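Novice: predicted model follows, preceded by the sequence.
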Amino acid sequence: MHIDGKVGFVGAGNMAEALVKGLISGGAVAAGQIVASEPRAERRAELAQAYGIATTSDNGAVASSADILVLAVKPQILGKVLFEIAPSVGEHALVVSVAAGVPAAYIEKALPGRRVVRAMPNTPALVGSGATVIAAGEHATEDDLAAAKRIFDQVGMTLVMEESALDAVTGLSGSGPAYVFLIIEALSDAGVKVGLSRYHAQALAAHTLLGAARLLIETKEHPGRLKDMVTSPGGTAIAGLHTLEAGGLRTTLINAVEAATQRSRELGDAILQKG
C-alpha cells in the first residue's frame, strides 16, 4: 500500500537504511518522497547514490518537510536532537521513534501536542525479516498506527501492542537476535568438535534454525509438538534434548529475556528522570 507525503529520517544508520530500502523496494514510497539527515558527508553520498533519496546534514530541514518523521538516532543523543528539531516539526507530522528504551512521553514532552508512535524493531529488518512492535503515544490515532505499520511491514512482521509491553518486547525480540547468534555459534563449535569443517558446521547450524523457524511459522503448530516430531524412542534427538534440559537451556533463556527486560525498564526510567 502506497504511503502519501514526505517521509523524513533523522539519522541514517543501519535501521534507517533498512527502512529506506524496504519502503522503496516494496513500492510503498518513491525515492523522491524520502529525505534523510546525516552528519557524515560520505554516508549521505552513499545513501543518495544507492537509493536516489535526498540527503542533508540539517536535521531541522528534514523535520520541517516531513509528513512522517522517523527518529532513528541513538537513545543517548535523542534529547539533544529533539531540542534541535522541536521548532521545525510540522504541526500535523506523525513522529515515529525507533530509539530503544525511550518512552513516548519523553518525546511528547519535547514535542508538545505531536502524535508519536514508538517502535521496537530488530536487526533482521536489515534483510527484510524483522520483527517489530509499535505502540501509540498519548495523541496517536488508529490511522497513525496503520501508517507506522505500513512502514515496518516493508522490513518484516509488525505487531501493535500497548507501550507497557515494549520493555518485554525489547528483552525478547529486540535483544533476541544476539541470543540466537550465540546459539548458532555454539552449534557451529559443536559441529567442529564432532568433526565437521567450520564452514559446513556454521552453514548447517544457521539453516537449521532458519528452517525450524519457518516450519513453526508456516504450520502454526505448537513448538512442543514439532519437537516431538523430531524425537523417536531411544533416538539421537531425545539424547540431545536430555543434555540441553540437564544444562538448563530453557531456564537460561527465560532468565536472559527477563534480565534484558529489566534492563530496558531501568534505561527508560533513567531517561524519564533526566528529562
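Specialist: Done, it's in.

Novice: which residues in this protein form strands?
Specialist: 7-10, 34-37, 54-56, 68-71, 94-97, 115-120, 130-136, 156-160 (DSSP state E).

Novice: looking just at contacts, which helices and strands does the first one meet?
Specialist: Meaning strand 7-10. In terms of contacts (3 or more C-beta pairs under 8 Å, 6 or more residues apart in numbering; DSSP states H and E), strand 7-10 is packed against helix 14-25, strand 34-37, helix 59-65, strand 68-71. For glycine as for every other residue, the C-beta is placed from the backbone atoms N, C-alpha and C.

Novice: what's the closest of those to residue 180?
Specialist: helix 14-25 (17.7 Å; C-beta to C-beta).

Novice: tell me the angle the closest one makes with strand 130-136.
Specialist: 100 degrees (axes from the mean of the first three to the mean of the last three C-alpha atoms, to 10 degrees).

Novice: ramachandran coordinates for residue 93?
Specialist: Per-residue torsions, residue 93: phi -70, psi 140 (degrees, to the nearest 10).

Novice: which strand residues bridge the nearest residue to it once chain neighbours are set aside?
Specialist: Excluding the flanking residues, the one nearest residue 93 by C-beta to C-beta, 6 or more residues apart in numbering is residue 69, at 5.2 Å. Beta-bridge pairing of residue 69, defined through DSSP bridges, involves residue 8, residue 95.

Novice: residue 69 and residue 62 touch, don't they?
Specialist: Yes. With contact defined as C-beta atoms under 8 Å, residue 69 and residue 62 form a contacting pair (7.2 Å).

Novice: shared neighbours of these two, anything?
Specialist: 8, 10 (C-beta atoms under 8 Å, 6 or more residues apart in numbering).

Novice: just to revisit the earlier point, what's the most buried one of the helices and strands packed on strand 7-10?
Specialist: Neighbour counts (mean count of other C-beta atoms under 10 Å) averaged over each of the helices and strands packed on strand 7-10 peak at strand 68-71, with a mean of 26.
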